[in-house]
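Asks: structure here, sequence nowhere to be found:
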């Protein structure tokens, strides 16, 4: 009798723990996708920006700032990372505007001042990116267009695939797949327990968002896009690890180049690298956006660089970086 009672208590206890664990994972999944909406305020006084609102292909309106540049000097769309807003891209808008570019900064759905009920790690945001390119073409007709997408902004750009028609892409710290992104973050913050939590949290995507993790694999689109691409990675990034960025580079169709920023973690790479970031990005955008003749010449050069530089990042990775 006592043995049976003890076993019943054990079963009830384990059932209760399993129920609490399931509830905890469900709540964690809810927090993961919870909107990051907040007031953005007026545009900075040092940027001649005006507020714009336009429809996304999600059916929701997007809010942003449009900064006119010098006619014929091309245009750039700025796409922010997860749980951020257009405010995180203001510093980039400043140096691009100084260089004569027209700039559009937007808040993704469920971020900043744009409505939405959930962050989707690039899935619905890909529709926002496509709509933003279309709006930029309307606001700056005839201009060549580039994109700078950080983290989720870069993932949205890649997940948009062939539907997004631009002339150049700068993709910073983009995760290869949602399962790797979640595992990296959980392991970094919770160790081996974080690895165990990855699969249960991924399983909440379907009931929460109606999404399979298979739909959130930016790496699968890199080989399809022949748009010129500059991939930027932090050498010490624990959220998108260097080996994952190298795998993204190897999968990318030419013309593609890769810049590994020494000592950088998953941070704002413009703020971290400063003048070097601005020089590299402006050189890349200038090569591909500023004139057709220059772009044609650069195309031959970039295809060669893709082949010649392919071993360069691998050699650097093997040599190691100082991440202390």
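Replies: Perfect, thanks for sending it. A quick note: this is a predicted structure, and the numbers were derived from the prediction, not measured. Numbers count the residues shown, from 1 in each chain.

Asks: tell me which residues touch residue 178, please.
Replies: Contact partners of residue 178, counting by Cβ atoms under 8 Å, 6 or more residues apart in numbering, are 121, 202, 205, 213, 216-217. From N, CA and C alone the C-beta is placed, and that goes for glycine too.

Asks: show me where this structure has helices.
Replies: Counting by DSSP state H, the chain forms helices over residues 2-33, 90-98, 123-139, 152-160, 178-190, 192-203, 205-209, 242-251, 269-273, 275-289, 292-308, 311-319, given from the N-terminal end onward.

Asks: and the contacts of residue 178 as JSON lines, adding pLDDT, distance to residue 269 and neighbour count?
Replies: As requested, these are arranged in JSON lines below (pLDDT from 0 to 100; distance: Cβ to Cβ, whole Å; neighbours: other Cβ atoms under 10 Å):
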{"residue": "121", "pLDDT": "97", "distance to residue 269": "20", "neighbour count": "26"}
{"residue": "202", "pLDDT": "91", "distance to residue 269": "27", "neighbour count": "17"}
{"residue": "205", "pLDDT": "91", "distance to residue 269": "28", "neighbour count": "23"}
{"residue": "213", "pLDDT": "94", "distance to residue 269": "26", "neighbour count": "17"}
{"residue": "216", "pLDDT": "97", "distance to residue 269": "22", "neighbour count": "24"}
{"residue": "217", "pLDDT": "98", "distance to residue 269": "23", "neighbour count": "18"}
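
Asks: ok, these vs residue 150, which is closest?
Replies: For the contacts of residue 178, the closest approach to residue 150 (Cβ to Cβ) belongs to residue 121, at 13.5 Å.

Asks: need the contact list for that closest one.
Replies: Residues 82, 152, 155, 178, 181, 216 are the ones in contact with residue 121 under the rule Cβ under 8 Å, 6+ apart.

Asks: can you list those in a markdown table and add distance to residue 289?
Replies: Supplementary listing: those in a markdown table, determined by distance: Cβ to Cβ, whole Å:
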| residue | distance to residue 289 |
| --- | --- |
| 82 | 27 |
| 152 | 23 |
| 155 | 22 |
| 178 | 31 |
| 181 | 30 |
| 216 | 29 |
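
Asks: most widely separated two among the residues you listed?
Replies: 82 and 216 (12.1 Å).

Asks: who touches stretch 54-66?
Replies: With contacts defined as Cβ under 8 Å, 6+ apart, stretch 54-66 is touched by 40, 43, 47, 49-53, 86, 93, 102-109, 112-116, 124, 127-128, 130-132, 135, 139.

Asks: return a PyMOL selection command for the buried portion of those.
Replies: Selecting just the buried residues from the contacts of stretch 54-66 in PyMOL takes one command, with 16 or more other Cβ atoms under 10 Å as the test:
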select buried, resi 40+43+49+52+86+93+102+103+104+105+106+107+108+109+112+113+114+115+116+124+127+128+130+131+132+135+139
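
Asks: among the contacts of stretch 54-66, which are in strands?
Replies: Judged by DSSP state E, these include 50-53, 102-107, 112 as members of strands.

Asks: lowest-confidence stretch among the helices of the chain?
Replies: Ranked by mean pLDDT, the helices of the chain bottom out at helix 292-308, which scores a mean of 41.

Asks: what about residue 162, how many neighbours?
Replies: 10 (other Cβ atoms under 10 Å).

Asks: tell me the contacts of it?
Replies: With contact set as Cβ under 8 Å, 6+ apart, residue 162 has these partners: 224-225.
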